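Peer 1: coordinates for the following, if possible.
(3 chains)
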Amino acid sequence: MERTVREIAEAIHAQLVGDGSVRVKHVGSIRSAKSGDLVFAQNEKDLQAAAASSASAVITGEFGAGGAGTRMTGSTPLLIAQHPKLAFSRAANFLYPPAKHAAAVHSSAVVDPSAKLDESAAIEANVVIGKNVHIGARSWIGAGSVIGEDASIGEDCEIYPRVTVYPGCVIGHRVTVHAGAVLGSDGFGYVRDAASGRYEKFPQIGQLVIEDDVEIGANTTIDRGALEVTRIARGTKIDNLVHIGHNCQIGEDVVIAAQAGLSGSIVIEKNVVLGGQVGIGEHARIEEGVMLGGQGGVLPGKILRGKSEVFWGTPAHPLREYLQQLAALGRLAKRNR
Amino acid sequence: MERTVREIAEAIHAQLVGDGSVRVKHVGSIRSAKSGDLVFAQNEKDLQAAAASSASAVITGEFGAGGAGTRMTGSTPLLIAQHPKLAFSRAANFLYPPAKHAAAVHSSAVVDPSAKLDESAAIEANVVIGKNVHIGARSWIGAGSVIGEDASIGEDCEIYPRVTVYPGCVIGHRVTVHAGAVLGSDGFGYVRDAASGRYEKFPQIGQLVIEDDVEIGANTTIDRGALEVTRIARGTKIDNLVHIGHNCQIGEDVVIAAQAGLSGSIVIEKNVVLGGQVGIGEHARIEEGVMLGGQGGVLPGKILRGKSEVFWGTPAHPLREYLQQLAALGRLAKRNR
Amino acid sequence: MERTVREIAEAIHAQLVGDGSVRVKHVGSIRSAKSGDLVFAQNEKDLQAAAASSASAVITGEFGAGGAGTRMTGSTPLLIAQHPKLAFSRAANFLYPPAKHAAAVHSSAVVDPSAKLDESAAIEANVVIGKNVHIGARSWIGAGSVIGEDASIGEDCEIYPRVTVYPGCVIGHRVTVHAGAVLGSDGFGYVRDAASGRYEKFPQIGQLVIEDDVEIGANTTIDRGALEVTRIARGTKIDNLVHIGHNCQIGEDVVIAAQAGLSGSIVIEKNVVLGGQVGIGEHARIEEGVMLGGQGGVLPGKILRGKSEVFWGTPAHPLREYLQQLAALGRLAKRNR
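Peer 2: Predicted coordinates:
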């Protein structure tokens, strides 16, 4: 959608410097910007590169205000914002409002008559919806997804193609789930019969609750609780191919990068950031604001704490200790050569 | 299904202490037990907590027999079992008998006329079944699953939605496969043409055989053999997002936690336990009863042995050595600070 | 398909030693060869084992020429090739020409009328094809796959069941994608609003381009670019459950083993080999010909270089240094015991 720079400035509450009538069609990167593109620059170097590009407008920081920006960029209109990258994200949402899916149930979808679908919901081809399912207003269910009985999906959700939601899951509002994700599968719990040596299944009859504004990546799996509830709290973002085991409690605004794995009954408090391929043992607790670097490992039952403390390695240590160990080992190996 | 405590005691061969006419509807955890719930307690502390909860009955160990249990719990009926958690699992199966899926082929399923489906099988919406497929008695194929030609699925299997079974796979009885799993995909084998530098595909035309009582987690992938057979033996339990490469031989009653990865031609003997995110190189052998801790790594061609021996780390060492190395490194780093 | 040894020799340009009229039906392994099987032997020991097996013919190296081979094998016909394993792979392709899928659109497929499907394409049951999709000649779309609008798939592609292709992806010729893979999903990029502490989505509106002759494993996920393009270049082979983040540039003839994970904006140059469960941080660069061993880790922004150099460990070191560190740590732990 084409917009003037002035319209964008108003939409994102940025200060306009330059010609507000310039028209913008797309967001782009400085490196590949074309005429009609809006780009962002977080520092002077980027701002100069933006000016040298074909971009039609630049979102930049307060360092670009008061003439400093125009000295660098000449006639390219600027949008001054406190946090240029955030402003740019919002400008993109303004330029590309989320696709409106036509409110309709595709003729090939198989919907149980007891399901309650809001009349503004969009149900794509080959979707299968079980008994007593509830789908809220303006939610979109992508082609081939399967929603098990008694599951509930809130308003304004985007469920991409080929997602499986097991029976009884509760999904809040504005939740995005990418293709192939599996929500609410049985947890991995068995009891061994000492007599026969065989494993028997421990009941996996709990629930999965996903709160508002969560995003879940492609082919990620989240298990239901064994007897209780697995919970993903508001605003948490989960990347592709992540595994979250039964009974985990994930707090608000947590970030979990790709291929991280959480075994059962783990507590992740709010504002935690987990790097890619992190592995966490059962009953561990990661306290508020901790950051755990990629491939880091936490043993069962351990606690990591410290707001904004960064941990690294297996078993995870505070970054400074981890680096000291790496350095010590490097020196030792060199001495022994 | 509501049952009396006496009925449960009989079903699980437990000794009843107290009022056998008390009625139970659900299994639950001590922490969140409600009236009508059956819980289990493996030690005195848990038994006292159970008594203080609203649970209607408690399964506990022999330590609770002979009046000791009732002194702790008062009037709550007790079910005394040698292994309370196992007895609890069995009680849950008694209270929640596996869902009976109506024997029917959904009108939207696409079934090749040459396929042989037992008349008691349940084929859900949008399932696709290829030529000469065989599906045994009482097996359930969840919505959207695709069963390739010449594949065979035994009796009493549960194939959750959106599973793919490649052509020619053989699946035994009482096998459970969770949503999104891919069984029998091509192995990862190429031969490089030195002249062109390009990779050409080595034939991946073997088979995948899954024996009875195996459970396979969501979005797990198991490759067929290259020229021979990939085999998962009876009773083995595999968690979510696990990868098992071509030609692997997995023994009986093996446990493989989430995101573990096995490259090609690996032998895992019976009763092995592999932790989450374990990685094993090709042609390695893990001998009977070995336990390998989470994120552990085994180099190609290596052998781990020792019944009930616990290994940890990359490359995997016996736990004691691993801990000695960690401790030595920690001390060294401290000294160097 | 049954062939004479002479026909095979001609097809793979091998030198025939012995009776060219012997008929072969299958390729097999030496260990389980039956009459009618063709096997390969890369050394004298294997060649003797092949001769002792029931195999009907053997592909072997030049060491078997000039009578040496027949002294070992007696009357079994031999096919002498410079690279026996490569010749065997080509013989398998000759014996089992790729399945020809009948050119047809299954009646249960849901195809947007604006899509352009070559008349020789094969579209299986329950496939969903969006607006303006293009599918090239002889390409096969497996059951239940979903191809988003404006996506393009070239000629002679094999898209296995239940693959999701997000809108706008461009896939070249002779590309194979295994079941459950997700191509072109949104990248994992957010900007935090310092005021609210909440994450807002950075635009993920770039593209995914997959060039010719790429193979992609089951349940692998590859994200589209944020603003630019994620690219997988010609001939690259990717195993199961791999994650490739937004903006990655993967060169030609790269091999990526199962469960490897690449975060965003990574450059992998041509001829690189990444082991299983490798993890690479954003903006890292792996230069031409590097090999990185299984579970190896590369920190964000790092560069690995050196043709045919092997790296191992986290953080990745050249193999020799890695082994020195392991040895030094082992000695230190022993001394401290």
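Peer 1: give me the buried positions along the worst-scoring helix or strand of chain A on mean pLDDT.
Peer 2: One helix or strand of chain A scores below all others by mean pLDDT, DSSP states H and E: helix A:68-73, with a mean of 77. Using 16 or more other C-beta atoms under 10 Å in any protein chain shown as the test for burial, helix A:68-73 gives A:68-70, A:72-73. In this view, the C-beta of every residue, glycine as well, is placed from N, C-alpha and C.
Peer 1: that one packs against which elements?
Peer 2: Using 3 or more C-beta pairs under 8 Å, 6 or more residues apart in numbering or on different chains; DSSP states H and E, the elements in contact with helix A:68-73 are helix A:44-52, strand A:57-60, strand A:78-80.
Peer 1: distance to residue A:318, mean neighbour count and mean pLDDT added to the ones you listed, as a markdown table?
Peer 2: As requested, those are exported to a markdown table (distance: least, C-beta to C-beta, whole Å; neighbours: other C-beta atoms under 10 Å in any protein chain shown; pLDDT from 0 to 100):
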| stretch | distance to residue A:318 | mean neighbour count | mean pLDDT |
| --- | --- | --- | --- |
| helix A:44-52 | 33 | 18 | 93 |
| strand A:57-60 | 36 | 30 | 96 |
| strand A:78-80 | 39 | 26 | 96 |
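Peer 1: got a markdown table for these, with distance to residue C:1 too?
Peer 2: Formatted as a markdown table, the helices and strands packed on helix A:68-73 follow (distance: least, C-beta to C-beta, whole Å):
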| stretch | distance to residue C:1 |
| --- | --- |
| helix A:44-52 | 60 |
| strand A:57-60 | 63 |
| strand A:78-80 | 66 |
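Peer 1: of all these, which one comes closest to chain B?
Peer 2: helix A:44-52 (36.4 Å; C-beta to the nearest C-beta).
Peer 1: which strands or helices does the closest one pack on?
Peer 2: strand A:37-41, strand A:57-60, helix A:68-73.
Peer 1: ok so, going back, hmm, who's touching the least confident helix or strand of chain A?
Peer 2: With C-beta atoms under 8 Å, 6 or more residues apart in numbering or on different chains as the test, helix A:68-73 has contacts from A:17-18, A:44, A:47-48, A:50-51, A:58, A:60, A:63-64, A:78, A:80.
Peer 1: again, only using 7 Å
Peer 2: Contact with helix A:68-73 is made by A:17-18, A:44, A:47-48, A:50-51, A:58, A:60, A:78, as judged by C-beta atoms under 7 Å, 6 or more residues apart in numbering or on different chains.
Peer 1: and those residues, which two are furthest apart?
Peer 2: Largest separation among the contacts of helix A:68-73 by C-beta to C-beta: A:18 and A:44, giving 17.3 Å.
Peer 1: would you map out the domains in chain A?
Peer 2: Here the domain parsing of chain A from automatic domain parsing is A:3-95, A:104-320.
Peer 1: which one of those lies closest to residue B:265?
Peer 2: domain A:104-320 (24.0 Å).
Peer 1: tell me if that closest one is near chain C.
Peer 2: Yes - residues of domain A:104-320 contacting chain C under C-beta under 7 Å from any C-beta of the partner chain: A:108, A:125-126, A:143-144, A:161-162, A:178-180, A:217-219, A:235, A:237, A:239-241, A:253, A:257-259, A:271, A:276-277, A:294-295.
Peer 1: cool, and stretch A:15-34?
Peer 2: Yes - Stretch A:15-34 comes into contact with chain C (C-beta under 7 Å from any C-beta), by way of A:27-29, A:32.
Peer 1: in the sheet, who's paired with the residue nearest the centre of chain A?
Peer 2: In chain A, the centroid-proximal residue (C-alpha atoms, centre = their mean) is residue A:237; its distance is 2.8 Å. On the basis of DSSP bridges, residue A:237 is bridged to residue A:215, residue A:255.
Peer 1: ok, now which ones touch it?
Peer 2: A:215, A:255, C:190, C:199.
Peer 1: over to residue A:188?
Peer 2: With C-beta under 7 Å, 6+ apart, residue A:188 has these contacts: A:245, B:217, B:239, B:257-258.
Peer 1: dump those residues to JSON lines, plus secondary structure.
Peer 2: Output for the contacts of residue A:188, formatted as JSON lines (DSSP: H, G, I helix; E, B strand; the rest coil):
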{"residue": "A:245", "secondary structure": "coil"}
{"residue": "B:217", "secondary structure": "coil"}
{"residue": "B:239", "secondary structure": "coil"}
{"residue": "B:257", "secondary structure": "coil"}
{"residue": "B:258", "secondary structure": "coil"}
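Peer 1: write a PyMOL command that selects only the buried members of those.
Peer 2: PyMOL command restricting the contacts of residue A:188 to the buried ones, with burial defined by 16+ other C-beta under 10 Å:
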select buried, (chain A and resi 245) or (chain B and resi 217+239+257+258)
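Peer 1: report the two of the contacts of residue A:188 separated the most.
Peer 2: Between any two of the contacts of residue A:188, the greatest separation by C-beta to C-beta is 10.2 Å, found for A:245 and B:217.
Peer 1: what do those two both touch?
Peer 2: Common neighbours of residue A:245 and residue B:217 (criterion: C-beta under 7 Å, 6+ apart): A:188, B:258.
Peer 1: in space, what's closest to residue A:323 - neighbours in sequence excluded?
Peer 2: Distances taken as C-beta to C-beta, 6 or more residues apart in numbering or on different chains put residue A:312 closest to residue A:323, at 7.9 Å, once the chain neighbours are dropped.
Peer 1: I'd like to know how many residues surround that neighbour.
Peer 2: 24 (other C-beta atoms under 10 Å in any protein chain shown).
Peer 1: show me what it is bridged to.
Peer 2: Residues in beta-bridge contact with residue A:312 (DSSP bridges): residue A:317.
Peer 1: right, and it touches residue A:324 too?
Peer 2: No - under the criterion of C-beta atoms under 7 Å, residue A:312 makes no contact with residue A:324, lying 11.3 Å away.
Peer 1: circling back: which among the contacts of residue A:237 gets closest to chain B?
Peer 2: Nearest to chain B among those, with distances taken as C-beta to the nearest C-beta, is residue A:215, at 17.7 Å.
Peer 1: do you know how far the closest one is from residue A:93?
Peer 2: For residue A:215, the distance to residue A:93 (C-beta to C-beta, to the nearest Å) stands at 14 Å.
Peer 1: show me which of the two is the more surrounded one.
Peer 2: Shown here are residue A:215 and residue A:93; by other C-beta under 10 Å, residue A:215 has more neighbours (20 against 16).
Peer 1: isn't the more buried one right up against residue A:174?
Peer 2: No - assessed by C-beta under 7 Å, residue A:215 is found out of contact with residue A:174, at 9.2 Å.
Peer 1: pull stretch A:84-104 out as PDB, backbone CA atoms only.
Peer 2: Provided in PDB are the C-alpha atoms of stretch A:84-104 (Å, rounded to 0.1, in the frame of the first residue of the first chain):
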ATOM      1  CA  PRO A  84      14.500   3.600  14.800                       C
ATOM      2  CA  LYS A  85      14.300  -0.100  14.400                       C
ATOM      3  CA  LEU A  86      11.100  -0.300  16.500                       C
ATOM      4  CA  ALA A  87       9.600   2.600  14.500                       C
ATOM      5  CA  PHE A  88      10.600   0.800  11.300                       C
ATOM      6  CA  SER A  89       8.800  -2.300  12.400                       C
ATOM      7  CA  ARG A  90       5.700  -0.300  13.100                       C
ATOM      8  CA  ALA A  91       6.000   1.500   9.800                       C
ATOM      9  CA  ALA A  92       6.100  -1.900   8.100                       C
ATOM     10  CA  ASN A  93       2.900  -2.900   9.800                       C
ATOM     11  CA  PHE A  94       1.400   0.300   8.600                       C
ATOM     12  CA  LEU A  95       2.500  -0.200   5.000                       C
ATOM     13  CA  TYR A  96       1.500  -3.900   5.100                       C
ATOM     14  CA  PRO A  97      -1.500  -4.300   7.300                       C
ATOM     15  CA  PRO A  98      -1.900  -8.000   8.100                       C
ATOM     16  CA  ALA A  99      -3.600  -9.900   5.300                       C
ATOM     17  CA  LYS A 100      -7.300 -10.000   5.700                       C
ATOM     18  CA  HIS A 101      -8.500 -13.500   5.200                       C
ATOM     19  CA  ALA A 102     -12.000 -13.700   3.700                       C
ATOM     20  CA  ALA A 103     -14.400 -14.800   6.400                       C
ATOM     21  CA  ALA A 104     -15.400 -18.200   5.100                       C
END
